[in-house]
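Peer 1: Pasted the sequence and its predicted model underneath.
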Amino acid sequence: MYSDNQTTKGIVFDIKTYALHDGPGIRTTVFLKGCPLSCRWCHNPESQQLKLENYIRLCRMADHEFKQEETVGKWMSTQEVMTVLEREQLFHDQSGGGVTFSGGEPLMQINFLEALLYAARELELHTCLDTSGFTTAEKFRKIIPLVNLFLYDLKLMNEERHIQYTSVSNQPILKNLEMLLKFQKPVIIRFPVIPTITDAEENIRLLKNWLLKNGSAIKKLDLLPYHHIGRGKYQRFEMVNKMPEIKEPDQTHISQLKNFFEETGVRVSIGG
């Protein structure tokens, strides 16, 4: 399958080597461009559009200012991505790591993702998929057997609020997650802690109830506190930051959330 798909192409906007928080061991994280969600707190806003994008940056060097064009995204073939992964394979093998496909939303480039997963399997690489789970059941079912570990986002349990803050329904997400659990695939739930939005009393309660019902089928819950790292990107790419006033949650509150969710019997970690 890999040999037949070496020339399959997709848009990649970054490849991060020596990644330590995207699954077990030392990993290479491949970020695919394009996402059907528009989360207000998105820290990779340049990943949302499924196309190459050109931006003009104002740069400074000493007392001199100049403009520089920057392209976000690059067409890459399966073979080109595998070449990068092969260079890092010693680190993967020695640490029990592998490759993580992230985004954006990798499922938005389903054919490219499938080709990459087959290629990674041929290299005997451990594969993680960092996903919102938003796609059709048919497409999702295609890649389930090819993924060793799912890093699965759960943001808002109420459908109306999910639409309000991400622009899409959470129903396909929850149904695809249910499918994963039926297939008994290893799943780590990732919960972004966004003050006043995901980190709201009703949503916390609904997530806890879901964990009480399904927690025995997942490996653990990762709490991902909101941070301001993405602010510079909104300025850099001249994009509108929809949450400029939201503050980062303090460590005491995050620790309290951890204790609260651990009451379900699920193992909980902070930051993945």
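Peer 2: Now that the structure is in, tell me what you want to look at.
Peer 1: Scan the chain for its longest strand.
Peer 2: Criterion DSSP state E: the longest strand present in the chain is strand 9-19.
Peer 1: Sheet partners, orientation included, of that strand?
Peer 2: strand 27-32 (antiparallel), strand 74-77 (antiparallel) (DSSP bridges).
Peer 1: Do me a favour and average the pLDDT over it.
Peer 2: What strand 9-19 shows for mean pLDDT is 96.
Peer 1: got the contact list for that strand?
Peer 2: For strand 9-19, the external contacting residues (C-beta atoms under 8 Å, 6 or more residues apart in numbering) are 26-34, 44, 46-47, 50-52, 72-78, 81, 84, 88, 91, 100, 104, 109, 111-113, 116. Where C-beta positions appear, they are placed from N, C-alpha and C, glycine not excepted.
Peer 1: contacting residues around the closest residue to residue 257 other than its chain neighbours?
Peer 2: Nearest in space to residue 257, with sequence neighbours left out and distances taken as C-beta to C-beta, 6 or more residues apart in numbering, is residue 223 at 6.0 Å. Contacts for residue 223 (C-beta under 8 Å, 6+ apart) come out as 191, 193, 254, 257-258, 261, 268-271.
Peer 1: Separate out the buried members of those.
Peer 2: 191, 193, 254, 257, 261, 268 (16 or more other C-beta atoms under 10 Å).
Peer 1: and the fourth one, what element?
Peer 2: Using DSSP states H and E, residue 257 sits in helix 251-262.
Peer 1: quick one: contacts of that helix?
Peer 2: Contacts of helix 251-262 (C-beta under 8 Å, 6+ apart): 193, 199, 204, 207-208, 211, 221, 223, 225, 268-270.
Peer 1: one step back: tell me which of the strands paired with strand 9-19 sits most buried.
Peer 2: Most buried of the strands paired with strand 9-19 by mean neighbour count (mean count of other C-beta atoms under 10 Å) is strand 27-32; its value is a mean of 24.
Peer 1: Can I get it in PDB, CA atoms only?
Peer 2: Coordinates of each C-alpha in strand 27-32 appear next as PDB, following Å, rounded to 0.1, in the frame of the first residue of the first chain:
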ATOM      1  CA  ARG A  27       7.900  11.700  18.500                       C
ATOM      2  CA  THR A  28       7.800  13.500  15.200                       C
ATOM      3  CA  THR A  29       4.600  15.500  14.900                       C
ATOM      4  CA  VAL A  30       3.300  16.200  11.400                       C
ATOM      5  CA  PHE A  31       0.800  19.100  11.200                       C
ATOM      6  CA  LEU A  32      -1.700  18.900   8.400                       C
END
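Peer 1: Thank you, goodbye.
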